[in-house]
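A.B. asks: My questions are about this predicted structure, shown below with the sequence.
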Amino acid sequence: MQIPNPHSENTASTLTHLECSMTGERYEADQIWNLSPSAQRPLLARYDLPKAAQTLTRESLTNRRRDLWRYEEVLPVRRRENIIALGEGWTPLVHAERLGTQIGCAQTLIKDESPNPTGSFKARGQAVAVSRAKELGVTSLAIPSAGNAGGAMSAYAAAAGIPAHVFMPADVPLAFRAECNAFGANLTLVNGLINDCGAKVREGAQTHGWFDVSTLKEPYRLEGKKTMGYELAEQLDWTLPDVIIYPAGGGTGLIGLWKAFQEMEELGLLPRGMKRPRMVCVQSTGCAPIIKAFHEGNEHAPLWEGAKTIADGLRVPVAVGDFLMIRAIKESGGTALAVSDEDMITYSNMIARTTGIFPAPEGGACLAAQVELLEQGWIRPDESVVLFNTGTGLKYAHLWG
Ligand SMILES: Cc1ncc(COP(=O)(O)O)c(C=O)c1O
């Protein structure tokens, strides 16, 4: 059998440049960057959207590949041979009817990210980041990870044949460590949290020349994550829900969704000036820097001391993209709230027992927030709400065992 050869072809990427999210300064796209050199803030990928709009249309999407690469005009990889695809994206959007009836909000939907490779939405970011790193000639990758991102990077690095260095808190659950080991990554356990792991990665980047793939310190994980927004609109037949509830750590998903909605308007995939969802950011009461900063009216969130939660993905005490998250929440008319670990388990069970999805506690956190906001009257029972289940509960089996 002849396998079709996708190599030696340009993609339809319309990437033009990178832009500093703080100052708007422009940077050359085909060089390796981390944070913007002057402001030390995230760089955002920008595209020739009028050109992309010529081919990225609602009609053209109907018969494209069923993974995130279907949106290639607004992704950064320029050559097909550099795409490392393991089946990431195009995840189910489930209408959770029994759950909706139980909580009194009929239009409750779950964007279920657990079927992604390595069991979480982190695969989206890593698929695009590692593919682009390969394209730009990167020879070793390093990442600080609260859990899922390290496993996802290890998988894509293995597929690309690029050495991977992963730094995780020493107390992360076994499944996260096992995954990195299986993929042949160099795993280092650090006594501390993800920010302490980040310091180790910076040291290694300086000493050994590793490329630092930390959340938002590398421009393209965000591009992979934003495809959740494109998919959501497409799966809802080019409408958007009233409310999106998202469990935020470093914030790439939340920021990515907002970026997707802006791009889709410019592409003509969504009508201009369309009412966008109110974005709800959820964290744990044991680590809630963004919630605190949002309610205090600040754009920047200082380090949260003594961060502790069962939701490993939310154990992120400080985020370089804090102001981008807070701006997206505010611009959308959204809100931010923290939920307890106990509630995360209670509501993870409710999701599992009414939908058949075994969610990560981060997914349970979204439902806990929805119930709280329904009680407050902030969400009305007739509104449509999308919860993001960002990963599989299987990686947190110890919580149920
Ligand atoms: C399951 C899960 N949910 C949510 C998050 C937070 O993700 P983000 O960086 O998009 O805020 C993580 C991050 O590790 C995660 O693993």
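C.D. replies: Alright, I've got the coordinates. Numbering: from 1, shown residues only.

A.B. asks: from here on, contacts and neighbour counts on C-alpha atoms
C.D. replies: Will do.

A.B. asks: Roughly how far does whichever residue of the stretch 1-150 of the chain sits closest to the ligand sit from Arg276?
C.D. replies: Going by CA to the nearest ligand atom, the ligand is nearest to Asn148 of the stretch 1-150 of the chain, at 4.5 Å. From Asn148 across to Arg276, the span is 29 Å (CA to CA, to the nearest Å).

A.B. asks: Those two: which has the busier surroundings?
C.D. replies: Between Asn148 and Arg276, counting by other CA atoms under 10 Å, Asn148 is the more crowded of the two (24 against 18).

A.B. asks: Let me see the contact set for Ala368.
C.D. replies: Applying CA atoms under 8 Å, 6 or more residues apart in numbering to Ala368 gives the contacts 339, 343-344, 347.

A.B. asks: ranges for the helices of the chain?
C.D. replies: Using DSSP state H, the helices of the chain run over 49-55, 58-61, 97-103, 122-135, 148-160, 174-182, 194-208, 221-235, 252-267, 289-295, 322-331, 341-355, 361-376.

A.B. asks: Burial-wise, tell me which of those helices comes out on top.
C.D. replies: Highest mean neighbour count among those (mean count of other CA atoms under 10 Å): helix 122-135, with a mean of 27.

A.B. asks: Run the angle between that one and helix 221-235 for me.
C.D. replies: 130 degrees (axes from the mean of the first three to the mean of the last three CA atoms, to 10 degrees).

A.B. asks: Who are the packing partners of helix 122-135?
C.D. replies: Counting contacts by 3 or more CA pairs under 8 Å, 6 or more residues apart in numbering; DSSP states H and E, helix 122-135 packs against helix 148-160, helix 221-235.

A.B. asks: near the ligand, which residues of this protein?
C.D. replies: Contact residues (CA under 6 Å from any ligand atom) of the chain with the ligand: 146-149, 247-253, 313-314, 360, 362, 390-391.

A.B. asks: Find me whatever residue is spatially closest to the residue nearest to the spatial centre of the chain, sequence neighbours aside.
C.D. replies: Against the mean C-alpha coordinate of the chain, by CA atoms, centre = their mean, the closest residue is Gly253 at 3.3 Å. For Gly253, ignoring the flanking residues on the chain, the nearest one in space by CA to CA, 6 or more residues apart in numbering is Lys225 at 5.4 Å.

A.B. asks: need the helices and strands packed on helix 122-135 in JSON lines with mean pLDDT, can you?
C.D. replies: What follows is the helices and strands packed on helix 122-135, written out as JSON lines (pLDDT from 0 to 100):
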{"stretch": "helix 148-160", "mean pLDDT": "98"}
{"stretch": "helix 221-235", "mean pLDDT": "98"}
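
A.B. asks: Export the contacts of Ala368 as CSV, with columns for distance to Gln54.
C.D. replies: Converted to CSV, the contacts of Ala368 look like this (distance: CA to CA, whole Å):
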residue, distance to Gln54
Val339, 44
Asp343, 47
Met344, 44
Tyr347, 44
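
A.B. asks: Relative to the ligand, which of the residues you listed is nearest.
C.D. replies: Met344 (12.2 Å).

A.B. asks: tell me the contacts of the closest one?
C.D. replies: 361-365, 368.

A.B. asks: Looking at the residues you listed, which is nearest the ligand?
C.D. replies: Glu362 (5.1 Å).

A.B. asks: Tell me, how many residues neighbour Phe211?
C.D. replies: Phe211: 24 neighbours (other CA under 10 Å).
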